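Trainee: Whatever this is, show me its structure:
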Amino acid sequence: MAHVVELVTYPVKGCAGVALRTSPVTPAGLAHDRCFMVVSDEGVFRTQRRDPRLAVVRPGVGEDGARLALRAPGAGELEIAVDTAGTRRPVDLFGAGFQGIDQGDEAAAWFSELLGAPSRLVRVPPEHDRVTDGRIPGTSGYADSCALHVLSRASLDLLNRKLAERGAPPLPMNRFRPNLVVDGWDEPHTEDRAHAISVGSAEAAYAKLAIRCAVTLVAQESGAKAGPEPLRTLAGYRRAADGGVAFGTKLAVVRPGRVRVGDEVTVTAWGESELRPPRRVVAPRRPGTAPVTGGAGEM
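Mentor: Below you'll find the model as predicted:
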């Protein structure tokens, strides 16, 4: 039986996750997921791609969302009252324009000191009406795209076996920052084909593959960035048809509800993986002989 073994929400985009035992599933994903974002003075979002020290920030948000706590090594702790009614300011997320509610000078100074660059902290306004892309439209806060990111233990186990073959150390699940971790799918990357799922009292539908970026090179415990793994190994067998390497899937919420660690994950609709099939290799042939073809194996 496939079931949820980890639930993780990321209240501040780019910062550490918060492990949960249970959570409401809203149209925008797990409670408080990516509802805050650190931006430059110009309103452009900050990310571990450029600011890997975001990874060491441990946020905590009350169940009612009224207060936000922040702590990081060497930066101490800060707790603020969350402003949901203040003046809106424009923010930029991958070139798309949204609005954010500035959370004040104290939070701005804390992040500016930590990152060594002028920064502000903003919150998604209540009227945020973002529409996310993919096969099934949905919404999310300041996530890169869709409301839920799902990854299976079987997929990570396969990657770690391939890393071991290269003499590289295994990677923890938090390197990939999923919201739902599923165990019980024997075949790696079953999540590619799980196009509609029911979990707890919520339902979600497949939107697209999760295309991986340089954030996977950042050790989430220390904020240290190093390469080339896991992207080098993933490029050998997980190339997506539209470019990049895929690991995990993004889902849209189609029925809000509640999910708990231990809940069964029921696939209510299966589909084909969008991953590019292995390339066929055609061997050179001499005149008068038949062509010889063979699978290229893992690219």
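
Trainee: Can you show me the helices along the stretch 1-150 of the chain?
Mentor: Counting by DSSP state H, counting those that start in this stretch, the stretch 1-150 of the chain forms helices over residues 105-115, given from the N-terminal end onward.

Trainee: contacting residues for T26?
Mentor: Counting by Cβ atoms under 8 Å, 6 or more residues apart in numbering, T26 makes contact with 147, 253, 256. C-beta coordinates here come from the backbone N, C-alpha and C atoms, glycine included.

Trainee: switch the cut-off to 7 Å
Mentor: Listed by Cβ atoms under 7 Å, 6 or more residues apart in numbering, the contact partners of T26 are P256.

Trainee: what pairs with it across the strands?
Mentor: G29 (DSSP bridges).

Trainee: what about the nearest residue to V215 once chain neighbours are set aside, how many neighbours?
Mentor: Leaving aside its chain neighbours, V215 sits nearest to Q48 (4.6 Å; criterion: Cβ to Cβ, 6 or more residues apart in numbering). Per other Cβ atoms under 10 Å, the neighbour tally for Q48 reads 22.

Trainee: Backbone dihedrals for Q48, please?
Mentor: Note on Q48: backbone dihedrals following degrees, to the nearest 10 are phi -60, psi -20.

Trainee: lowest-confidence helix or strand of the protein?
Mentor: Lowest mean confidence among the helices and strands of the chain (mean pLDDT, DSSP states H and E): strand 292-295, at a mean of 32.

Trainee: So which residues of the stretch 101-250 of the chain form strands?
Mentor: Listed in chain order, the strands of the stretch 101-250 of the chain (DSSP state E, counting those that start in this stretch) span 119-123, 148-152, 180-183, 194-199, 202-211, 246-255.

Trainee: Check what pLDDT the residue nearest to T22 when sequence neighbours are not counted gets.
Mentor: Across the structure, with Cβ to Cβ, 6+ apart as the measure, the residue nearest T22 apart from its sequence neighbours is R260 (4.2 Å). Among the per-residue scores, R260 holds a pLDDT of 98.

Trainee: count of neighbours near R260?
Mentor: By other Cβ under 10 Å, neighbour count at R260 equals 15.

Trainee: same deal with the one 5 residues further on?
Mentor: Each residue near V265 was counted by other Cβ under 10 Å, and the total is 25.

Trainee: element containing it, please.
Mentor: When elements are assigned from DSSP states H and E, V265 belongs to strand 265-270.

Trainee: Which neighbours in the sheet does that strand have, and how are they oriented?
Mentor: Strands adjacent to strand 265-270 in the sheet, as given by DSSP bridges, are strand 194-199 (antiparallel).

Trainee: Give the buried residues for the partner strand.
Mentor: Under the neighbour-count criterion of 16 or more other Cβ atoms under 10 Å, strand 194-199 has 194-199 buried.

Trainee: That one to strand 148-152, inter-axis angle?
Mentor: With axes from the mean of the first three to the mean of the last three Cα atoms, to 10 degrees applied, the angle from strand 194-199 to strand 148-152 works out at 100 degrees.

Trainee: can you pull the buried residues of the longest helix seen in the chain?
Mentor: Ranked by residue count and defined by DSSP state H, the top helix of the chain is helix 153-165. Within helix 153-165, the residues that count as buried by 16+ other Cβ under 10 Å are 153-156, 158-160, 162-163.

Trainee: now swap in stretch 119-132 and tell me
Mentor: For stretch 119-132, by 16+ other Cβ under 10 Å, it's 119-125, 128, 130, 132.

Trainee: Export these as JSON lines, with columns for distance to E79 and pLDDT.
Mentor: Converted to JSON lines, the buried residues of stretch 119-132 look like this (distance: Cβ to Cβ, whole Å; pLDDT from 0 to 100):
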{"residue": "S119", "distance to E79": "18", "pLDDT": "98"}
{"residue": "R120", "distance to E79": "18", "pLDDT": "98"}
{"residue": "L121", "distance to E79": "13", "pLDDT": "98"}
{"residue": "V122", "distance to E79": "17", "pLDDT": "98"}
{"residue": "R123", "distance to E79": "15", "pLDDT": "98"}
{"residue": "V124", "distance to E79": "20", "pLDDT": "98"}
{"residue": "P125", "distance to E79": "22", "pLDDT": "98"}
{"residue": "H128", "distance to E79": "24", "pLDDT": "97"}
{"residue": "R130", "distance to E79": "28", "pLDDT": "97"}
{"residue": "T132", "distance to E79": "31", "pLDDT": "97"}
